[in-house]
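**Student:** Provided below for reference: sequence and predicted model.
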Amino acid sequence: MQFSHVNLRVSQLERAVAFYEKQFGLKLCRRLEADGCKMAWLRDAATPGFFLELSEGNVVRGNNHIAFITDERDKWYLQHQRERLIDREIRELGIYFMHDMDGNSIEVMPQTAIAALGGEGAAVSC
């Protein structure tokens with residue numbers, strides 16, 4: 001397992017992109033829509049493979065998540081399924097969401113999901 005990205009739910013995507021670009025020097029890498037949600041990926045120049053994902057929608061406490069990417073998705077999926085941690089899935093991409101003991105959301109995704117969403121391998125190219 002390795003870190004992939006952190007997701008933040010924002011009320012106005014364009015305003016949020018401009019804020020993170022200006023205030024933290026992040027660079028917009030990708031715009032996409034998945035699961036009915038408009039998103040933007042931003043990254044810094046120093047951390048390959050890791051990005052900030054902004055998702056436009058109703059800002060609700062607990063909607064943010066941290067994501068892990070893995071080459072062993074099926075192994076982890078079976079373990080998390082046995083422990084009844086999985087909350088929801090995006091089956092066509094092999095992505096699933098689970099929670100920790102405090103209800104924090106965690107996304108687990110196979111390497112192939114990044115490519116399907118428009119990235120290159122585990123790294124987000126800018």
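**Tutor:** Received it, and whenever you're ready, just let me know what you need. Numbering: from 1, shown residues only.
**Student:** buried stuff in stretch 71-89?
**Tutor:** Within stretch 71-89, the residues that qualify as buried are 73, 76-77, 80, 85, counting by 16 or more other C-beta atoms under 10 Å. (C-beta placed from N, C-alpha, C; glycine too.)
**Student:** can you pull the pLDDT of the residue sitting furthest away from the middle of the chain?
**Tutor:** Distance from the centre of the chain peaks at R82, with 23.2 Å (C-alpha atoms, centre = their mean). On pLDDT, R82 comes in at 92.
**Student:** where are the low-confidence patches of this protein?
**Tutor:** Across the chain, the ranges flagged by pLDDT under 70 are 62-63, 101-102, 104, 119-126.
**Student:** ranges for the helices of it?
**Tutor:** For the chain, the helices defined by DSSP state H cover 13-24, 73-82, 111-116.
**Student:** might you calculate how far the second one sits from the centre of the chain?
**Tutor:** When you say that, I think you mean helix 73-82. 18 Å (C-alpha atoms, centre = their mean, to the nearest Å).
**Student:** which helices and strands sit right next to it?
**Tutor:** The elements that helix 73-82 packs onto, with contact taken as 3 or more C-beta pairs under 8 Å, 6 or more residues apart in numbering; DSSP states H and E, are strand 95-99, strand 105-110.
**Student:** how about CSV for those strands, with mean neighbour count and distance to G118 added?
**Tutor:** As requested, the helices and strands packed on helix 73-82 are exported to CSV (neighbours: other C-beta atoms under 10 Å; distance: least, C-beta to C-beta, whole Å):
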stretch, mean neighbour count, distance to G118
strand 95-99, 20, 14
strand 105-110, 20, 13
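**Student:** on that earlier part again, tell me which of the helices of the chain lies nearest to L93.
**Tutor:** Taking C-beta to C-beta, helix 111-116 is the member of those nearest to L93, at 4.5 Å.
**Student:** which positions within that closest one qualify as buried?
**Tutor:** Quick answer for helix 111-116 (16+ other C-beta under 10 Å): 111, 113-114.
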